[in-house]
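Fold the following, please.
(chains A, B, C and D)
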4 protein chains.
Amino acid sequence: MTMKSSKLVIAGKELSSRFFLGTGRYPNPFVQNEAIRVSEAEVLTFAIRRVNLDAPSEDAILQHLDQDSFTYLPNTSGASNAEEAIRIARLAKASGISNWIKVEISADEKTLLPDPIETLKATETLANEGFVVLPYTSDDPILCRKLEEAGAAAVMPGGAPIGTGLGVLNPYNIGLIAEDSNVPIIVDAGLGSAKDIVEVMELGVDGVLMNTPVAKAKDPVKMAHAMKLAIEAGRASYEAGRIPKKKYATASSGYESLISR
Amino acid sequence: MTMKSSKLVIAGKELSSRFFLGTGRYPNPFVQNEAIRVSEAEVLTFAIRRVNLDAPSEDAILQHLDQDSFTYLPNTSGASNAEEAIRIARLAKASGISNWIKVEISADEKTLLPDPIETLKATETLANEGFVVLPYTSDDPILCRKLEEAGAAAVMPGGAPIGTGLGVLNPYNIGLIAEDSNVPIIVDAGLGSAKDIVEVMELGVDGVLMNTPVAKAKDPVKMAHAMKLAIEAGRASYEAGRIPKKKYATASSGYESLISR
Amino acid sequence: MTMKSSKLVIAGKELSSRFFLGTGRYPNPFVQNEAIRVSEAEVLTFAIRRVNLDAPSEDAILQHLDQDSFTYLPNTSGASNAEEAIRIARLAKASGISNWIKVEISADEKTLLPDPIETLKATETLANEGFVVLPYTSDDPILCRKLEEAGAAAVMPGGAPIGTGLGVLNPYNIGLIAEDSNVPIIVDAGLGSAKDIVEVMELGVDGVLMNTPVAKAKDPVKMAHAMKLAIEAGRASYEAGRIPKKKYATASSGYESLISR
Amino acid sequence: MTMKSSKLVIAGKELSSRFFLGTGRYPNPFVQNEAIRVSEAEVLTFAIRRVNLDAPSEDAILQHLDQDSFTYLPNTSGASNAEEAIRIARLAKASGISNWIKVEISADEKTLLPDPIETLKATETLANEGFVVLPYTSDDPILCRKLEEAGAAAVMPGGAPIGTGLGVLNPYNIGLIAEDSNVPIIVDAGLGSAKDIVEVMELGVDGVLMNTPVAKAKDPVKMAHAMKLAIEAGRASYEAGRIPKKKYATASSGYESLISR
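A predicted model of the protein is given here:
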């Protein structure tokens, strides 16, 4: 009997880990590196905005990472419309960082929630240009389907607004999206604790992207470990097939005990 | 930096695992044994009722287990009052199975919920007789304190009625119990999936006792693995200190990104 | 077609209102009186402790109320064991205030949660002495049944600790208690808003006791009105029989519209 | 002291009731009419599709209603894109039924969830043509804002998919939408019971549109009454200002009781 899960594949790339990790907001580079190591994440995300794109390999932190071990998923955070996001994505690709791009477009400072119309536009354009596009979106199931149809390599609905730690506000929608999608679904944003992670993984999504819940935990490295375990626990639980919920009790041991046979 | 958690100690016994596993309802002994192995549980529970207490070592399943690796926690399920539970416990001890006893007393067939008055009586008597008593109880915080005062080595509030898989119906109470208790708190009964496990562990309880969620999963062995990971994830998350919940968003990467420094 | 609900009857007394109102913590007596009037409550509760029992009719507020319109339900708050509660109840009865008594016993300052053992003892004793006993208890279903068997005229499980406004922490248990009880169930304590009220009434309970959610609202009189409506809405909804929950959609108007026939 | 709420105004029309009622799926016309009467709803919605638009006044049910008492809100259900919805709306207006229109566009049979892109297009076009447009939309806050900017007279986010009775799946989003909107917010679809109604009203929305929860209740007329009360209770509670939630208890009567002063 084997514990193997079917692998996650995005744009032909097979990933052993379902943990997508953000690189911002850690107390310092040492904690950041250790958290990344412990997480066993293979995909790392970071903002391209205001980057020195002339010499990305000289970046203070990036230079310490073995680039071959990771897939970089730069994001367009800071963009407030499709045009800006597209321009940022092209710059990132031209600088050689990656042809993967997380489309993240918001014009709302309070919630940083994604703009559905602009996100769809940018996804369509960038997918047509050959980018591997992973759009950050609301949990609107119809919009997620449209993003898939527009060429998204994976779709990333949010659990809650970025950095709130509120968890998955609408498990029903996330479950519906996972059920109906033909591309991987990665839940991105708003998660707070390991419970939230297991909950979304049990809904059948393919992975989770986190940053704040790890970086701003009291002990980011231990939390990176907790989140890694949570993702594995949630996936294994999903695959193992949970018991149905029942209104009334069923004896677990009354007549079927170990010794009583 | 180390991942070590402080160990769980009950009645002077140090346990590496926080997973307490029931032995009933598995499809067959092979699956049962494999699930036990994969779970890495050290404490196993089973009903004493109608046991051949003259020759427990000849039990069909128990004989395959290395007794030195496990702590047996026989339970009094089937007892409907303190007197019956006490009698069952004494028989188990006399037969040499264990001096640990899970007090489980119910007179309600529909819910199998524990009788608070009789459970308190039995706990007091058995603790005075030198048993290591772990009572299964409701999540009434005052009752849990009384059980501790009566000599319980650990207290085991239920998440929901046995076998329902409804999860932890009242996280507030479980959190309060964990916060105020001076003995280990093991959540027992009613949990359904790995999410439920992580949720209670993040509330600060010391361990979880399960049977049906593992034994009746579609793949019990894989679920045993999922639950083991969930317990570890929940404990690590609790120790790592989650981020606070906030109403509005906080950028995770806008100005603090990996590359942008 | 009639809107009439079956009446609530406690100890032979028929009540038109299912709203039990506490009289403490209002900004001033005028607001208190107006809130009581608007609530249409018929049962009022108040602490007996440290009362001038020699002259209850001279009480600053009570003297303004038409005693014939109300049933007084004095409570034993402040008692930390059965003995104290029994003594308080006897004093209240002797002073002529009422032979109804809300048994409220707590030894825990942080949560003010009721002591299950002492509450059961006091209920039994006072019921035997001819009191109309309404014990405040935890939502432990077995304990609620024992209180009924001990002679309680109605049983009052808490939704959450007093004054927290957390709402009904365990709707499952409250529903179970309502389903299995042979005496009226009045949910007491912890509720916060009109939503909480409708939720418990839809679970089939017979009434609700509140104090803080009305008295400490920004506008206590308007909140008394809101709560009165909420109790009626919840009861009517319970009696009208809600639609089942379904996983997927059903058109409400596609082919069955008003005009399209 | 007055109980008056500020009135709801849509497109200059002042409404006394915050209850928008659908007219489909009732057991028979008599129950339908009585439910409408008891609800005190002033705005009625129905599907235009396949209507005999040549003689709407001869409709079997509509002819029994006093048209002056109601505002008709025909809907475009059955439309799967903006073009179809626009065509339906124009026909309805031309036939003299109403210049109010509920834009309802779905291409997904399983969930009947609204298409965000097409809904936005239709809203813009119809608002420009002078319609009073109330679009049914997902609870995506950014999309709701875009609908407002496109000229919607009120915005109608769904609580859950139509007819499911699942209640408000994402109270956070609905609260955010109510908080940030400059036009009335009417929650439409998915609600199941009076509790759901009070919950959304307490979030600050301006009204609720229902059909199935009333029409398919066991007793539709009593449920119409329950829902009417629930809307009023929820609005009054919102205006009265609920108590804050607290983690630990506060005595309601210990030292501030009625009699003890």
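
Show me where the stretch 101-250 of chain A has its helices.
Under the criterion DSSP state H, counting those that start in this stretch, helices of the stretch 101-250 of chain A are mapped to A:116-128, A:141-149, A:171-180, A:194-202, A:212-215, A:220-240.

Out of the ones you listed, which is the most enclosed?
With neighbours defined by mean count of other CB atoms under 10 Å in any protein chain shown, none of the helices of the stretch 101-250 of chain A is more surrounded on average than helix A:194-202, at a mean of 30. Every C-beta, even on glycine, is put in place using the N, C-alpha and C of the backbone.

in stretch A:15-35, what's buried?
Of all the residues in stretch A:15-35, those buried under the rule 16 or more other CB atoms under 10 Å in any protein chain shown are A:15, A:17-26, A:31-33, A:35.

where in chain A is pLDDT low?
Low-confidence segments of chain A (pLDDT under 70): A:1-5, A:50-67, A:251-261.

residues touching the residue nearest to the spatial centre of chain A, list them.
For chain A, the residue nearest the mean C-alpha position is residue A:209 (2.2 Å; CA atoms, centre = their mean). If a contact means CB atoms under 8 Å, 6 or more residues apart in numbering or on different chains, then residue A:209 has A:20-22, A:43, A:45, A:156, A:186-189 as its contacts.

Can you flag which of these belong to strands?
A:20-22, A:43, A:45, A:156, A:186-188 (DSSP state E).

Keep the residues you listed, but drop any that are not near chain D.
Checked against chain D using CB under 8 Å from any CB of the partner chain, the ones in strands among the contacts of residue A:209 give no members in range.

Closest one of those residues to residue B:118?
Among the ones in strands among the contacts of residue A:209, residue A:187 lies closest to residue B:118 (CB to CB), at 46.0 Å.

That closest one: neighbour count?
For residue A:187, the count of nearby residues is 29 (other CB atoms under 10 Å in any protein chain shown).

what's the nearest residue to residue A:165 if we skip its chain neighbours?
Excluding its sequence neighbours, the residue lying closest to residue A:165 (CB to CB, 6 or more residues apart in numbering or on different chains) is residue A:192, at 3.1 Å.

again with residue A:107
Using CB to CB, 6+ apart, the closest residue to residue A:107 is residue A:80 (4.4 Å).

of the contacts of residue A:209, list those near chain B.
Among the contacts of residue A:209, proximity to chain B is found for A:22, A:45, A:189 (CB under 8 Å from any CB).

re earlier: what's the separation between the residue nearest to residue A:107 and residue D:121?
According to CB to CB, to the nearest Å, residue A:80 stands 22 Å off from residue D:121.

again with residue A:16
Counting by CB to CB, the gap from residue A:16 to residue D:121 is 43 Å.

right, and the pair among the contacts of residue A:209 with maximum separation?
Taking CB to CB, no two of the contacts of residue A:209 sit farther apart than A:43 and A:189, at 15.2 Å.

neighbour-wise, which of those two wins?
Between residue A:43 and residue A:189, counting by other CB under 10 Å, residue A:189 is the more crowded of the two (28 against 23).

For chain D, see how far away residue A:6 is.
25 Å (CB to the nearest CB, to the nearest Å).

Counting neighbours, what do you get for that residue?
8.

residue boundaries of the strands in the stretch 1-150 of chain A?
A:8-10, A:13-15, A:19-22, A:43-47, A:71-75, A:100-103, A:132-137 (DSSP state E, counting those that start in this stretch).
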